[in-house]
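S.K.: need a structure here:
(one chain, ligands or ions: 1)
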Amino acid sequence: MHHFRYTGPNLHCESVDLAEVARLYGTPTYVYSAATMADNYTRLALGLTGLDVQLCYAMKANSNIAVLRHFANLGAAFDLVSGGELRRVLVAGADVKRSVFAGVGKTEAEIKLALENEIFSFHVESEPELARLNHVAGKLGVKAPIAIRINPDVDAHTHAKITTGKSDNKFGIPLKFAAAAYEAASKYPNLQLKGVQMHIGSQLTEVGPFVEAVEKVAPFAAELKAKYGITYFSIGGGIGIVYKDALASGAAAWWDAQPAGSRPLTPEAYGAALVPLLKPLGLKILLEPGRFMVGNAGVLLARVEHLKRGAGKNFLIVDAAMNDLVRPAMYESYHEIVPLQRDTSRRALVADVVGPICESGDCFAKDRSLQEVGEGELLAFMSAGAYGYAMASRYNTRSMAAEVLVKGSAFELINARESFEQIVAGEKIPAFLK
Ligand SMILES: *Cc1c(COP(=O)(O)O)cnc(C)c1O
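M.R.: As a prediction, the model looks like this:
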């Protein structure tokens, strides 16, 4: 559920008319709903009632410092994957001491930064990484807290590029080698065995793969608790969101109308299936949700440049492009596209919705049916709060988009549109070309 809906003909985020945001800050612009993020956090936390939960928001999904502060205020810690993300947590005035550091290639400098800021734990992906952590911790005269990432070899039934828990991808250590990896870790003098971790993939819309993975890893977690006194089990992130019916899924009625067998995963169903499996372990449970926390809380606003009518094909050319929102080009993802001003008297238009970049991959939707719109009219790409701005680039020397946060009837720019001067600030012509 979320807080984007039409009030009269105009699409609102909470109590704010999105056309007003576009008028003030231009397009393309990302707009986020603080209430939706808070609801997502609260529902997930409530769904896991009965467990000792530490919710670590996977900030790679959306790392704007205002978003981080909002989640920190709600009580969240963070799952971070780089020194840069760690520094964002600090800038947001949030808590590194309850946060975890994941990733397959942490550098010595990043490890040092995390240790100096007393990171809660490192999530380790390989044996060479154990040696590196031990080495850096030794130099600083501290012990590095760790959990090893177990690859439970379950199929997450999601897109190949976001499946991470199969044995043939680069993440984690297979369960059959995990006991030996912990044994090896226990021999390092500067490591502290603190937990165990897994993460099977992203955009999972059914609970089955989560249950299968927890059932596989839980007995091992119990063994580790008995043998090494570990205190936590991180079950990763991966809870999916609704993309196809994104706007309608803002209302509880939409969820009630879905047949039980095909209802997308809810945080309540996730909790109901997992709490009974996890509670007997008596361990602290860490969660690393990214997409679920922010995905449905954001839209990307764009303006129509042209409606180009072709032979048998229409193209709606908008001022947002694959550099702003790369998910359709990269993962063939679907984003619902809706007009900011709804007019039911207009005809439907079937068109490819495309950006201005010189690549055929710069296409948001093929043969999409939507209300007919023309030059200057505004559109919203729904469910763009996760892996949207965070994956954006400057391809074609396009500025990074603006970002706006809404709370009730208040809204504020939380990231100004990048200027041309900022784009070229680090570039220079070398002396030998002058
Ligand atoms: C990306 C990632 C997450 C978050 O995944 P979502 O699908 O956005 O919830 C959590 N944990 C790890 C280790 C990740 O790499």
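S.K.: only C-alpha atoms from now on, for both contacts and neighbour counts.
M.R.: OK.
S.K.: any buried residues in the top helix by length along the chain, and which?
M.R.: If you go by DSSP state H, the chain has its longest helix at helix 208-228. Residues of helix 208-228 classed as buried by neighbour count (16 or more other Cα atoms under 10 Å): 208-210, 213-214, 217-218, 220-222, 224-225.
S.K.: same check, this time on stretch 32-47
M.R.: Across stretch 32-47, burial judged by 16+ other Cα under 10 Å covers 32-41, 44-45, 47.
S.K.: okay, and which of the residues you listed map to strands?
M.R.: Among those, DSSP state E puts 32-33 in strands.
S.K.: make JSON lines out of the buried residues of stretch 32-47 and add pLDDT and distance to the ligand.
M.R.: Formatted as JSON lines, the buried residues of stretch 32-47 follow (pLDDT from 0 to 100; distance: Cα to the nearest ligand atom, whole Å):
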{"residue": "Y32", "pLDDT": "99", "distance to the ligand": "16"}
{"residue": "S33", "pLDDT": "98", "distance to the ligand": "18"}
{"residue": "A34", "pLDDT": "98", "distance to the ligand": "18"}
{"residue": "A35", "pLDDT": "98", "distance to the ligand": "19"}
{"residue": "T36", "pLDDT": "98", "distance to the ligand": "16"}
{"residue": "M37", "pLDDT": "98", "distance to the ligand": "14"}
{"residue": "A38", "pLDDT": "98", "distance to the ligand": "16"}
{"residue": "D39", "pLDDT": "98", "distance to the ligand": "16"}
{"residue": "N40", "pLDDT": "98", "distance to the ligand": "12"}
{"residue": "Y41", "pLDDT": "98", "distance to the ligand": "12"}
{"residue": "L44", "pLDDT": "98", "distance to the ligand": "12"}
{"residue": "A45", "pLDDT": "98", "distance to the ligand": "14"}
{"residue": "G47", "pLDDT": "97", "distance to the ligand": "16"}
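S.K.: just the ones in helices from the buried residues of stretch 32-47, please.
M.R.: 34-41, 44-45, 47.
S.K.: nearest to S345, of those residues?
M.R.: Nearest to S345 among those, counting by Cα to Cα, is T36 at 30.8 Å.
S.K.: so that closest one touches A297, yeah?
M.R.: Yes. At 5.3 Å, T36 and A297 qualify as touching, with contact defined as Cα atoms under 8 Å.
S.K.: what's the residue nearest the centre of the chain sitting at in phi/psi?
M.R.: Residue closest to the mean C-alpha point of the chain, counted by Cα atoms, centre = their mean, is A61 at 2.6 Å. Main-chain torsions, A61, degrees, to the nearest 10: phi -70, psi -40.
S.K.: in a strand, that's where G295 is, yeah?
M.R.: No. Applying DSSP: H, G, I helix; E, B strand; the rest coil, one finds G295 to be helix, outside a strand.
S.K.: count of neighbours near L74?
M.R.: When neighbours are defined as other Cα atoms under 10 Å, L74 has 13 of them.
S.K.: now do the same contact list for it.
M.R.: L74 makes contact with 38, 41, according to Cα atoms under 8 Å, 6 or more residues apart in numbering.
S.K.: work out for me the element the closest residue to V31 other than its chain neighbours sits within.
M.R.: Counting by Cα to Cα, 6 or more residues apart in numbering, V31 lies nearest to V404, which is 4.8 Å off, once chain neighbours are set aside. Per DSSP states H and E, V404 falls inside strand 402-407.
S.K.: would you mind measuring from the residue nearest to L44 when sequence neighbours are not counted to the ligand?
M.R.: Sequence neighbours aside, P267 is the residue nearest to L44 in space, at 5.1 Å (criterion: Cα to Cα, 6+ apart). P267 sits 12 Å away from the ligand, going by Cα to the nearest ligand atom, to the nearest Å.
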